[in-house]
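Need a 3D model of the sequence below.
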Amino acid sequence: MMPFRTNLATGIPSSKVKYSRLSSTDNGYIDLQFKKSPPKIPYKAIALTTVLFLIGAFLIIIGSLLLAGYIIKAGADPAVPVLITSILVCLPGFYHLHIAYLASKGFRGYSYDDIPDFDD
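Sure thing, here's the model as predicted:
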């Protein structure tokens, strides 16, 4: 005598499971599988890019004031590292904020999937 197979998810023996044929008119598809789900908005990533953009913009202003000699009259020596750092911080923030803005407005080709999400 062979042992009964059981469905691991429900614990029901396979001999008691009832099967039914699919209707021949639906071709195996349902409308729900083609419906788009609403986009998941990565709030944490957008907040991080906003902070990066604001820090970068602040550092660009400080670097510009250093370069112009309004803060320290030392020339370009202290201004160059501040400006390089500010550009490296500001560009990714601006880029991802730009993508988030266009995705929120519904422009074609832009979605929230293009922004890295940190909720993993």
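
how about the strands of this structure, start to end?
Read by DSSP state E, the chain holds no strands at all.

In terms of pLDDT, where does the closest residue to residue 52 other than its chain neighbours sit?
Excluding the flanking residues, the one nearest residue 52 by CB to CB, 6 or more residues apart in numbering is residue 93, at 3.2 Å. (C-beta placed from N, C-alpha, C; glycine too.) pLDDT, the model's per-residue confidence, is 93 for residue 93.

quick one, helices of the chain?
Across the chain, reading from the start of the chain, the helices by DSSP state H fall at 43-68, 79-105.

ok now the shortest one, how far from the chain's centre?
This points to helix 43-68. Averaging C-alpha coordinates over helix 43-68 and over its chain gives two centres that are 20 Å apart (CA atoms, centre = their mean, to the nearest Å).

List the buried residues for it?
For helix 43-68, a neighbour-count test (16 or more other CB atoms under 10 Å) marks 45-46, 48-49, 52-53, 56, 59-60, 62-63, 66-67 as buried.

Output the residues you listed in a markdown table, with pLDDT appended to each entry.
Compiled in a markdown table, the buried residues of helix 43-68 are given as follows (pLDDT from 0 to 100):
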| residue | pLDDT |
| --- | --- |
| 45 | 91 |
| 46 | 92 |
| 48 | 92 |
| 49 | 93 |
| 52 | 94 |
| 53 | 96 |
| 56 | 95 |
| 59 | 94 |
| 60 | 94 |
| 62 | 91 |
| 63 | 91 |
| 66 | 88 |
| 67 | 88 |
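
Please work out which residues outside stretch 74-87 touch it.
In this structure, residues lying in contact with stretch 74-87 by CB atoms under 8 Å, 6 or more residues apart in numbering are 56-60, 62-64, 66-67, 69, 72.
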